[in-house]
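Undergrad: Sequence first, predicted coordinates after that:
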Amino acid sequence: MPIVAPETDRKKVIMPAAHGDTVAVHYTGTLDDGSEFDSSSGRDPLSFTLGEAEVIPGFENAVLGLEPGDSASIVIVPDDAYGPRHPEAVQEVPMELFGENVPPVGVIVTLVAPDGTKVPATVASFTEDGTSATLDFNHPLAGQTLHFDIELVEIAEA
């Protein structure tokens, strides 16, 4: 009869992160000027499933192949992040759209399209005469090159 080592004595084989794996990562994201736009510091790690388009493509590609404990510093160009800025996505709207609650410049508002779809936009400016506002429907990070420091914390077991 063969002798089999108890489960606790067997070495666990660590496989690199692959499509279909659910991973947890800590990250810090900065812009070209070094300013931080997001971080998981002080929070639970970000969890997502590779291959499910839950995060931007460049971020997902950076995690593929990492093993728990591995770190990576990456640069993601706009096409692999939130895309380019589209000038046609900046539109002027009448102030009546806001009713009594006029938001300040820089605030992200959510509009509801005729089909019920919620559409976020950043209040960019107001006209001097106060009759209209300029809304920017681009993602706030559109057109930006993003820098990330990533650490793969774990790959969830299936």
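TA: In hand now; what should we look at?
Undergrad: Within its sheet, name the partner strands of the least confident helix or strand in the chain by mean pLDDT and how each one runs.
TA: One helix or strand of the chain scores below all others by mean pLDDT, DSSP states H and E: strand 108-112, with a mean of 92. Strand pairing for strand 108-112, using DSSP bridges, gives strand 118-126 (antiparallel).
Undergrad: mean confidence score for the partner strand?
TA: Confidence for strand 118-126, expressed as mean pLDDT, is 95.
Undergrad: Now it: buried residues?
TA: Judged by neighbour count using 16 or more other C-beta atoms under 10 Å, the buried positions of strand 118-126 are Ala121, Thr122, Val123, Phe126. For the C-beta atoms, the positions are set from N, CA and C on the backbone; glycine is no exception.
Undergrad: Which of those residues sits closest to Gly34?
TA: For the buried residues of strand 118-126, the residue nearest Gly34 by C-beta to C-beta is Thr122; the value is 22.2 Å.
Undergrad: quick one, what contacts the residue nearest to the closest one when sequence neighbours are not counted?
TA: In space, and not counting its chain neighbours, Thr122 is closest to Asp136: 4.6 Å by C-beta to C-beta, 6 or more residues apart in numbering. Taking C-beta atoms under 8 Å, 6 or more residues apart in numbering, we find Asp136 in contact with Ala89, Val90, Ala121, Thr122, Ala124.
Undergrad: Quick one: distance of stretch 58-73 to the chain centre.
TA: Centre-to-centre, stretch 58-73 and its host chain are 15 Å apart (C-alpha atoms, centre = their mean, to the nearest Å).
Undergrad: okay, it in CSV with CA atoms only?
TA: Provided in CSV are the C-alpha atoms of stretch 58-73 (Å, rounded to 0.1, in the frame of the first residue of the first chain):
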residue,chain,number,x,y,z
GLY,A,58,-4.6,47.4,-20.0
PHE,A,59,-5.1,46.7,-16.3
GLU,A,60,-6.4,43.2,-16.9
ASN,A,61,-3.5,42.4,-19.3
ALA,A,62,-1.0,43.5,-16.6
VAL,A,63,-2.4,41.1,-14.1
LEU,A,64,-2.4,38.1,-16.5
GLY,A,65,0.6,35.9,-15.8
LEU,A,66,1.3,37.3,-12.3
GLU,A,67,1.5,35.0,-9.3
PRO,A,68,0.3,35.9,-5.8
GLY,A,69,2.8,38.3,-4.2
ASP,A,70,4.1,39.5,-7.6
SER,A,71,4.0,43.3,-8.3
ALA,A,72,4.1,45.2,-11.6
SER,A,73,4.4,48.9,-12.5
